[in-house]
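Asker: have a look; sequence and predicted model below, questions after that.
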Amino acid sequence: MSIVRIGLAGCGSVSQRGLLPHLAQEDIHPWAKLAAVMDVVPGRAEASKEKFNAEMAFEDYDDLLASDIDAVVLASPIGLHYEQAMKAIEAGKHLHINKTMTTTKAEADEVIAAAKKKGLVVVASPGNGLHPSNTRIREIVQSGELGHIYYSQIGTSGGGHEFEQFRSGNDVLSNVNPTWYYKRPGGGPMYDMAVYALHRITAIFGSVKRVTGMSGIGLKQRNFKDEVIDVDMDDNTHLLLDFGDGLFCELYGSNSASGPTRPFAQPFISGSIGSLTANRGELDVWGRDVIGKPGTESGHRVEQVDPRIPWVFGVHKELPERHVYADIMHMVDCVLTGKKPVVSGEHARHVIEIIELGYLAAETGQTQTLTSSFEMQDWELVHCE
């Protein structure tokens, strides 16, 4: 195989804002081509094909799988991922699956096992936990500069998908209904947003051993244009993660307003002699034994975060959803070269089990013990500027 012919399933918000603009760029043609798009909303796939220069458009997922493609990118609602992934594997297609891969560990087990049996590549977003900034945080933690790590805080808040400017239009490409974000299965901020925080914190500290928490619904109804959406999936979840050895993490996912003091999926880490705060473009490190860099006082320093992401170069640096595009191209790279994915299904499965057991802990009032784990790997910075 000289290039990977990609079929994109789901032409909604994330695809219109980011994935299709990335995959339409000619600079990926040495490795991949956007061969087909698919969406069940009448006219959306055809309009996406015309706008982003895909070869084929489909309204039926089975027709997409029967076409001349090598790999499927699942950008559909999370609750559909398991069924669609299993169908793609049965059809012999490699897979990139947007977060989360599935909604349960049992489903994730089946996807991983089926792909392995067929010899197919599965890359499961998000790979953000493996970006250089988190590698650097892990180095600082492991160096002992902060002492014994006591706890971390991390989470995600977002006021609601119904308020996104992208959805305000009335054409078939921008009038994308957000109802599924508030419905079972697959809705709620844990699967949709806190998954980023979970991948990041586990990439720093490793596998979680136990989880407990509380969860509920804040707003029972949401409104999108003239439609009332009844919320039946928890939209306010707070978990306590136990990494072992007295290291805990307070993690939240909430459909509520955020702000500058609680940036999206940015960790605070507290150790016995020092602490670290990540805030998008920089790391702020404090402590008795922290060595200051030139021009700073001993005991405190600010480090600029390495902004590079694998496969993000040229125009891709300016387009939205760069992290998801990077995950897709990682899948392509693994298909073409035989590499083992580091944005792995095993890591995604562990995060899914944390979410699943976190909900169970909240429902039963009992701390839950995880059974899964994953192998920590670093992501080589290929094809980036």
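Answerer: Alright, I've got the coordinates.
Asker: every contact and neighbour count from this point should use C-alpha atoms.
Answerer: Noted.
Asker: which residues of the stretch 51-200 of the chain fall in strands?
Answerer: Assigned by DSSP state E, counting those that start in this stretch, the stretch 51-200 of the chain shows strands spanning 56-58, 71-74, 94-97, 122-124, 149-157.
Asker: which of those sits closest to Ser344?
Answerer: The closest of the strands of the stretch 51-200 of the chain to Ser344 is strand 122-124. By Cα to Cα, the value is 5.5 Å.
Asker: strand partners (parallel or antiparallel) of that closest one?
Answerer: Sheet pairing of strand 122-124 (DSSP bridges) gives strand 94-97 (parallel).
Asker: low-confidence stretches in the stretch 201-350 of the chain?
Answerer: 292-298 (pLDDT under 70).
Asker: ok so, going back, I'd like the strands of the stretch 51-200 of the chain written out as a markdown table, with mean neighbour count, mean pLDDT and distance to Glu356 added.
Answerer: Putting these into a markdown table (neighbours: other Cα atoms under 10 Å; pLDDT from 0 to 100; distance: least, Cα to Cα, whole Å) gives the following:
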| stretch | mean neighbour count | mean pLDDT | distance to Glu356 |
| --- | --- | --- | --- |
| strand 56-58 | 22 | 98 | 33 |
| strand 71-74 | 26 | 98 | 21 |
| strand 94-97 | 28 | 98 | 18 |
| strand 122-124 | 29 | 98 | 17 |
| strand 149-157 | 22 | 98 | 17 |
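Asker: closest to Phe163 out of these?
Answerer: strand 149-157 (13.6 Å).
Asker: which residues touch the closest one?
Answerer: For strand 149-157, the external contacting residues (Cα atoms under 8 Å, 6 or more residues apart in numbering) are 141, 189, 193-194, 197, 201, 246-258, 262-272.
Asker: can you say which of the residues you listed are buried?
Answerer: With neighbours counted using 16 or more other Cα atoms under 10 Å, the contacts of strand 149-157 contain these buried positions: 141, 189, 193-194, 197, 201, 247-255, 262-271.
Asker: let me have the strands of the stretch 51-200 of the chain in CSV, extended by distance to Val40.
Answerer: Below are the strands of the stretch 51-200 of the chain laid out as CSV (distance: least, Cα to Cα, whole Å):
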stretch, distance to Val40
strand 56-58, 8
strand 71-74, 13
strand 94-97, 18
strand 122-124, 23
strand 149-157, 29
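Asker: out of those, which is closest to Lys340?
Answerer: strand 122-124 (9.4 Å).
Asker: what about the closest one, distance to the chain center?
Answerer: On the basis of Cα atoms, centre = their mean, to the nearest Å, strand 122-124 sits 11 Å off its chain's mean C-alpha point.
Asker: which residues touch that strand?
Answerer: 94-101, 112, 115, 327-328, 330-331, 341-345, 348.
Asker: and with 6 Å instead?
Answerer: Strand 122-124 has contacts (Cα atoms under 6 Å, 6 or more residues apart in numbering) with 95-97, 101, 331, 343-345.
Asker: pipe those into a markdown table and attach distance to Arg322 per row.
Answerer: Formatted as a markdown table, the contacts of strand 122-124 follow (distance: Cα to Cα, whole Å):
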| residue | distance to Arg322 |
| --- | --- |
| Leu95 | 18 |
| His96 | 15 |
| Ile97 | 15 |
| Met101 | 18 |
| Met331 | 14 |
| Val343 | 15 |
| Ser344 | 18 |
| Gly345 | 20 |
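Asker: which of these sit farthest apart?
Answerer: Across the contacts of strand 122-124 (Cα to Cα), the longest gap, 14.1 Å, separates Met101 and Met331.
Asker: that older thread, narrow the buried ones among the contacts of strand 149-157 to those in strands?
Answerer: 247-254, 268-271 (DSSP state E).
Asker: any chance of JSON lines for these, columns distance to Met38?
Answerer: Shown next, in JSON lines, are these (distance: Cα to Cα, whole Å):
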{"residue": "Leu247", "distance to Met38": "45"}
{"residue": "Phe248", "distance to Met38": "42"}
{"residue": "Cys249", "distance to Met38": "40"}
{"residue": "Glu250", "distance to Met38": "39"}
{"residue": "Leu251", "distance to Met38": "35"}
{"residue": "Tyr252", "distance to Met38": "34"}
{"residue": "Gly253", "distance to Met38": "30"}
{"residue": "Ser254", "distance to Met38": "31"}
{"residue": "Phe268", "distance to Met38": "40"}
{"residue": "Ile269", "distance to Met38": "42"}
{"residue": "Ser270", "distance to Met38": "46"}
{"residue": "Gly271", "distance to Met38": "49"}
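Asker: which pair of those residues spans the longest distance?
Answerer: Taking Cα to Cα, no two of those sit farther apart than Ser254 and Gly271, at 26.4 Å.
Asker: next, Phe264: phi, psi?
Answerer: phi -60, psi 120 (degrees, to the nearest 10).
Asker: find the nearest non-adjacent residue to it, please.
Answerer: Leaving aside its chain neighbours, Phe264 sits nearest to Thr156 (5.0 Å; criterion: Cα to Cα, 6 or more residues apart in numbering).
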